[in-house]
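# Build me a structure from this.
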Amino acid sequence: MQNLKEFERPQSLDEAVEKISAKPGRRLLAGGTGLSITDSKTTIGLVDLKSVGLDYIEDDSDAIKIGATAVMRALEESSLLQNYAGGLLADVAAEVGTTPLRNMITAGGNITQLRVWSDLPAPLLALDAEILVTDQEGETTYPAQKFFHRHPSQLLDDTDIVTEIQLPRGIENYSSSYTKFVAVDDSYAVTSVSVVLDMEGDTVKDVRIGVGSASPSPARCPEAEEELVDAELNESLAEKVGEICRANVNTTDNVWGSGDYKSKLIEKLVKKNLLQAKTS
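Numbers count the residues shown, from 1 in each chain. Modelled structure (predicted):
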């Protein structure tokens, strides 16, 4: 970071907003794992969020709330998340990188950077989560669908601070299944699929399907979800829904796999996760 001259340690969120807004070229610092890919020539200062009170996972009457600086290891070990929607987010966090990295990578950083290693966005789409953002004007809440519609850098200003992820009430008792398909252990996902499911007997009452790492932005599969609701979930239907997801998710090539390969994976993983969620 050739031009780095300042390092700020605010002690409150209000102070952090003030510091990040004071000068162009200041950047937020949370876990720090993405700092090496920050534009070093234009970065003149860092604003450390460690002491502003965003490191929490708590049960509120309206939602489960995850502070932006909570690390993946905390999500993995949280009893609240282990018991929410089949433990989906705890399962996702447990597969992020290595243990040392999970002790550094923050929830807020993982979703705002939205890179190939960002594992949280797709399951947050499936959970209908909301993202809270604070700036000088106050607080704004974004549904996950809007937050991830395009890269968050196009939605947020440099002075915006992602402060919290909120998980809605009403789906705590849903089952779920998650698969992160990797070429080798601890690698980035080639493709991931998250399924959140509510059953009444063999009939689907509600379902959400999130696909990650197949393209620059995570995707939901609404047409596939509509096919499932009020239908009997069996192997044949799960296979059909996998085909619908394959057709509806626009995949892209990268060094971990071609778009065509990812499309085939989506079809198979959607079927697999639907059937696993049904029996979990």
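# For stretch 173-181, give me every contacting residue.
Here stretch 173-181 makes contact (C-beta atoms under 8 Å, 6 or more residues apart in numbering) with 85-88, 91-92, 95, 119, 123, 126, 189-199, 206, 265, 269, 272-274, 276-278, 280. (C-beta placed from N, C-alpha, C; glycine too.)
# do stretch 211-219 as well
114, 116, 118-119, 121-123, 125, 148-151, 188-194, 210, 220-221, 245, 248-252, 256, 259, 262-263, 265-266, 270.
# buried sites along it?
By 16 or more other C-beta atoms under 10 Å, the buried positions in stretch 211-219 come out as 211, 212, 213, 214, 215, 217, 218, 219.
# how long is it end to end?
Stretch 211-219 has an end-to-end distance of 5 Å (C-alpha to C-alpha, to the nearest Å).
# and if you look at stretch 64-78?
First-to-last residue span, stretch 64-78, C-alpha to C-alpha: 11 Å.
# Okay, buried residues for it please.
Within stretch 64-78, the residues that count as buried by 16+ other C-beta under 10 Å are 64-76, 78.
# Mark which of these are part of strands, please.
64, 65, 66, 67 (DSSP state E).
# Going by distance to residue 20, which of those wins?
residue 67 (17.1 Å; C-beta to C-beta).
# My guess is that closest one contacts residue 107. True?
Yes. Counting by C-beta atoms under 8 Å, residue 107 is a contact partner of residue 67 at 7.5 Å.
# Run through the strands of the stretch 51-200 of the chain in chain order.
Secondary structure of the stretch 51-200 of the chain by DSSP state E, counting those that start in this stretch: the strands cover 57-59, 63-67, 130-135, 138-143, 161-168, 175-182, 189-200.
# looking at the ones you listed, which is closest to residue 40?
strand 161-168 (21.3 Å).
# Quick check: can you name the pairing partners of the closest one and their directions?
strand 63-67 (antiparallel), strand 130-135 (antiparallel) (DSSP bridges).
# Next, give phi and psi for the closest residue to residue 275 other than its chain neighbours.
Nearest non-adjacent residue to residue 275, counting by C-beta to C-beta, 6 or more residues apart in numbering: residue 238, 5.3 Å away. When read as degrees, to the nearest 10, the backbone of residue 238 gives phi -60, psi -40.
# Give me the pLDDT for residue 238.
Note on residue 238: pLDDT of 98.
# residue contacts, it?
Residue 238 makes contact with 270, 271, 274, 275, according to C-beta under 8 Å, 6+ apart.
# Tell me how far it lies from residue 102.
Note on residue 238: its distance to residue 102, by C-beta to C-beta, to the nearest Å, is 31 Å.
# contact partners of stretch 145-163?
By C-beta under 8 Å, 6+ apart, stretch 145-163 touches 13, 16-17, 20-21, 24, 26-28, 49, 54, 67-68, 108, 111-112, 114, 121, 124-125, 128, 131-136, 139, 142, 216-218, 220.
# Is residue 181 bridged to anything, and to what?
Here residue 181, judged by DSSP bridges, has bridge partners residue 191.
# If you count neighbours, what's buried in stretch 195-214?
Those would be 195-199, 204, 206-214, for stretch 195-214 by 16+ other C-beta under 10 Å.
# May I ask which two of those are separated the most?
Checking the buried residues of stretch 195-214 with C-beta to C-beta, the most distant pair is 199 and 213, at 27.2 Å.
# which stretches of this structure form helices?
13-22, 72-77, 79-82, 88-94, 99-102, 107-113, 121-126, 144-147, 152-155, 222-228, 235-248, 259-279 (DSSP state H).
# most packed of those helices?
Comparing these by mean neighbour count (mean count of other C-beta atoms under 10 Å), helix 121-126 ranks first with a mean of 28.
# If you count contacts, what does that one end up packed against?
Contacts defined by 3 or more C-beta pairs under 8 Å, 6 or more residues apart in numbering; DSSP states H and E place helix 121-126 against helix 88-94, helix 107-113, helix 144-147, strand 189-200, strand 203-212, strand 219-220.
# Just put the ones you listed in a markdown table and tack on distance to residue 180 and mean pLDDT.
A markdown table is the format used below for those (distance: least, C-beta to C-beta, whole Å; pLDDT from 0 to 100):
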| stretch | distance to residue 180 | mean pLDDT |
| --- | --- | --- |
| helix 88-94 | 8 | 97 |
| helix 107-113 | 13 | 93 |
| helix 144-147 | 18 | 96 |
| strand 189-200 | 5 | 96 |
| strand 203-212 | 8 | 97 |
| strand 219-220 | 15 | 96 |
